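Student: Quick one, what's the 3D model for this:
(one chain, ligands or ions: 1)
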Amino acid sequence: MNIIITGASSGIGFELAKRFAEMGNHNILALSRNASKLKDLKSACIRKNVEAHLHPIPFDLSAKEPFEDTLIPIIKQYVQNIDIVINNAGHLVNAPFHNLSSIEIATMIDVNFTGPAKLIKALMPILNAKAHVVNISSMGGFQGSVKFPGLSVYSATKAAIACLTECLAEEYKDIDISFNCLALGSVQTEMLAKAFPNYKAPVMPNEMANFIANFALNGSKYFNGQVIPVSLSTP
Ligand SMILES: NC(=O)c1ccc[n+]([C@@H]2O[C@H](COP(=O)([O-])OP(=O)(O)OC[C@H]3O[C@@H](n4cnc5c(N)ncnc54)[C@H](OP(=O)(O)O)[C@@H]3O)[C@@H](O)[C@H]2O)c1
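Tutor: Presented below is the predicted three-dimensional model:
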């Protein structure tokens with residue numbers, strides 16, 4: 001399988017890339033801004049499986065240029081088509097709504113919503129039949145869930161990517177591409193420490209990564225256009 005994972009330099013995305021690497025001969029395209037952390041990821045994947053094919057792609061999802069011009073040519077250096085897209089990158093600023101700067105708001109919207117939307121759009125021409133797009137949202141953006149002060153815009157961007165998932169599944173239901181969204185509960189990562197300092201999550205990044213990898217590979221047989229809560233705890 002040819003698999004794109006965004007936000008692969010840390011947390012859940014880092015563990016996801018390692019999980020796919022140890023599974024076998026997938027081509028894994030690992031995106032984030034930090035080239036040095038992606039290099040570390042490549043070494044970690046090779047330690048798991050000497051035959052792992054992991055291609056680091058340093059890329060800023062908040063870049064303004066069309067991804068068709070900037071990112072797709074890089075992707076095509078490695079693969080000509082894609083089977084799985086995991087929009088995992090995320091940006092969170094924990095601050096009272098009235099204190100958020102315009103740049104902080106714009107960056108959360110860019111990384112959590114606009115970037116994934118632009119990525120899906122740019123990839124559409126090279127998505128294989130039966131491709132599965134998995135968007136990573138949060139319980140904070142799940143309708144009716146408990147809400148927390150300081151996470152208003154972050155949660156709203158996560159609700160937006162969930163809604164986009166439902167819309168794309170409907171719009172493309174006749175061309176055999178599936179779109180699903182996982183609304184994650186708390187996982188012990190750097191982002192969680194920003195959102196809930198001192199809170200200890202019940203789930204580790206490798207555990208959530210195992211779930212997401214299995215879902216990305218098998219979930220489209222049973223789900224399309226679904227926003228699925230993946231949480232036993234609050235937060
Ligand atoms: N951890 C939780 O409790 C939790 C709960 C619910 C949902 N989630 C969601 O799960 C996903 C993964 O979160 P995590 O906890 O693993 O977070 P993390 O450890 O903070 O990782 C975030 C990733 O996003 C990448 N990223 C941020 N800005 C980017 C940009 N402009 N361009 C490209 N990549 C960018 C970062 O890479 P660079 O800095 O190298 O660019 C990093 O790899 C996120 O979508 C998050 O919202 C997490």
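Student: Identify the residue nearest the residue in the chain positioned nearest to the ligand in space, chain neighbours excluded?
Tutor: Nearest to the ligand, among the residues of the chain, is residue 11, at 2.2 Å (Cβ to the nearest ligand atom). Any C-beta I mention is one placed from the backbone N, CA and C, and that applies to glycine too. Leaving out its chain neighbours, the residue that sits closest to residue 11 by Cβ to Cβ, 6 or more residues apart in numbering is residue 189, at 3.5 Å.
Student: List the residues that contact that neighbour.
Tutor: The contact partners of residue 189, by Cβ atoms under 8 Å, 6 or more residues apart in numbering, come to 10, 11, 12, 205.
Student: possible to save those as TSV with secondary structure and pLDDT?
Tutor: Output for the contacts of residue 189, formatted as TSV (DSSP: H, G, I helix; E, B strand; the rest coil; pLDDT from 0 to 100):
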residue	secondary structure	pLDDT
10	coil	98
11	helix	98
12	helix	98
205	helix	98
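Student: Now the buried members of those.
Tutor: Buried subset of the contacts of residue 189 (neighbour count, 16 or more other Cβ atoms under 10 Å): 10, 11, 12, 205.
Student: Would you convert those residues into a markdown table that also reports distance to residue 4?
Tutor: Below are those laid out as a markdown table (distance: Cβ to Cβ, whole Å):
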| residue | distance to residue 4 |
| --- | --- |
| 10 | 17 |
| 11 | 17 |
| 12 | 15 |
| 205 | 19 |
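Student: And the longest helix seen in the chain, what does it pack against?
Tutor: For the chain, the helix that runs over the most residues, judged by DSSP state H, is helix 152-171. Packing contacts for helix 152-171, counted by 3 or more Cβ pairs under 8 Å, 6 or more residues apart in numbering; DSSP states H and E, involve helix 102-109, helix 115-123, strand 127-138, strand 178-184, strand 227-230.
Student: Going by neighbour count, which residues of that helix are buried?
Tutor: Within helix 152-171, the residues that qualify as buried are 152-162, 164-166, 168-169, counting by 16+ other Cβ under 10 Å.
Student: Same question for stretch 56-69.
Tutor: 56, 57, 58, 59, 61, 62, 67.
Student: Greatest separation within the residues you listed: which pair is it?
Tutor: Pairwise distances across the buried residues of stretch 56-69 (Cβ to Cβ) peak at 18.6 Å, for the pair 56 and 62.
Student: which secondary structure element contains residue 150?
Tutor: Using DSSP states H and E, residue 150 is not contained in any helix or strand.
Student: Kindly tell me how buried it is, as a neighbour count.
Tutor: Using other Cβ atoms under 10 Å, the number of residues around residue 150 comes to 18.
Student: Residue numbers of the protein in contact with the ligand?
Tutor: By the rule Cβ under 6 Å from any ligand atom, the part of the chain lying against the ligand is 6-13, 32-34, 37, 60-62, 88-91, 111, 136, 138, 184, 186-187, 189-192, 201.
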